[in-house]
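Asker: Sharing a model prediction with you, sequence too.
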Amino acid sequence: MLENYYTVHAEGHKEIVIQKSRFIGYVKRCETEEHAQAFIDSVKKKHGDANHNCSAYMIGEQNLIQKAHDDGEPSGTAGVPILEVLKRKDLKDTAVVVTRYFGGIKLGAGGLIRAYSSTAAEAIDATGIVERQRVHTIKIIADYTMLGKLENEIRNSNYHLSSIDYLEQVHIDVWVKTSQEEEFTAWITDLTSGQAVIETGEFSYMERPVE
């Protein structure tokens, strides 16, 4: 599993007009090729009256699944430019569809490439990019007398407090980067004078927006 990678928020879109043609970019996070194809089909169904619904997607940790489709536009002027935007932004598990309603003015090959590239880029920016960071869930089990201090210290640290469960003892779940586990464990041990139980749980991914 990758320690961190970039992808998009769940879903979004953006419309722009270029030389009287409407270009509508749709973006969706898709973790399988089947999911990406279903997303593309849904946009085609929504815009069945459009001149073109061009698409591209990049799936997998190593970007092993890459597809681009021009949907009737001159070869290489639509799908590939969209795919190049995904590569340039280094986005994984992302699918993009750009719908075009022809406005009567031909753009030429260069104009089409720029139009599809810019629509894809603007739609991705409108959707938002996130960094997914691989983390361990580390559980702290402690007496309630320690809760106030632990919660305050964790919230004011670089670690992410995931949840607090109020059981017989308080259970605090914290997301910690794999590279910081030893440092975190030592810190909590020091804060609690060794009176807390510290358990390492499963791996997951923490997301943060990228400006």
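Answerer: Alright, I've got the coordinates.
Asker: Then residue 205 would be within a strand, right?
Answerer: Yes. Counting by DSSP: H, G, I helix; E, B strand; the rest coil, residue 205 is found in a strand.
Asker: Let me know whether residue 57 touches residue 94 as I believe.
Answerer: Yes. Applying C-beta atoms under 8 Å as the test, residue 57 and residue 94 come out as touching, 6.6 Å apart. Placement of C-beta: from N, CA and C, glycine included.
Asker: between those two, what contacts are shared?
Answerer: Common contact partners of residue 57 and residue 94 (C-beta atoms under 8 Å, 6 or more residues apart in numbering): 30, 86.
Asker: which of these two has more neighbours?
Answerer: Each of residue 57 and residue 94 has its neighbours counted (other C-beta atoms under 10 Å); residue 57 has more, 27 against 24.
Asker: host element of that one?
Answerer: Following DSSP states H and E, one finds residue 57 within strand 52-59.
Asker: what's the following helix or strand after that strand?
Answerer: Taking DSSP H and E, what comes next after strand 52-59 is strand 65-69.
Asker: Next, the residues that contact that next one from outside, please.
Answerer: By C-beta under 8 Å, 6+ apart, the residues outside strand 65-69 that reach it are 33, 36, 40, 54-59, 78-80, 82-83.
Asker: ok so, going back, helices or strands next to the strand holding residue 57 in the packing?
Answerer: helix 33-46, strand 65-69, helix 79-88, strand 94-101 (3 or more C-beta pairs under 8 Å, 6 or more residues apart in numbering; DSSP states H and E).
Asker: Including distance to residue 13, could these go into CSV?
Answerer: Below are the helices and strands packed on strand 52-59 laid out as CSV (distance: least, C-beta to C-beta, whole Å):
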stretch, distance to residue 13
helix 33-46, 9
strand 65-69, 18
helix 79-88, 14
strand 94-101, 9
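Asker: after the longest helix seen in the chain comes which helix or strand?
Answerer: Looking across the chain with DSSP state H, the single longest helix is helix 108-127. Going down the chain from helix 108-127, the next helix or strand is strand 129-142, by DSSP H and E.
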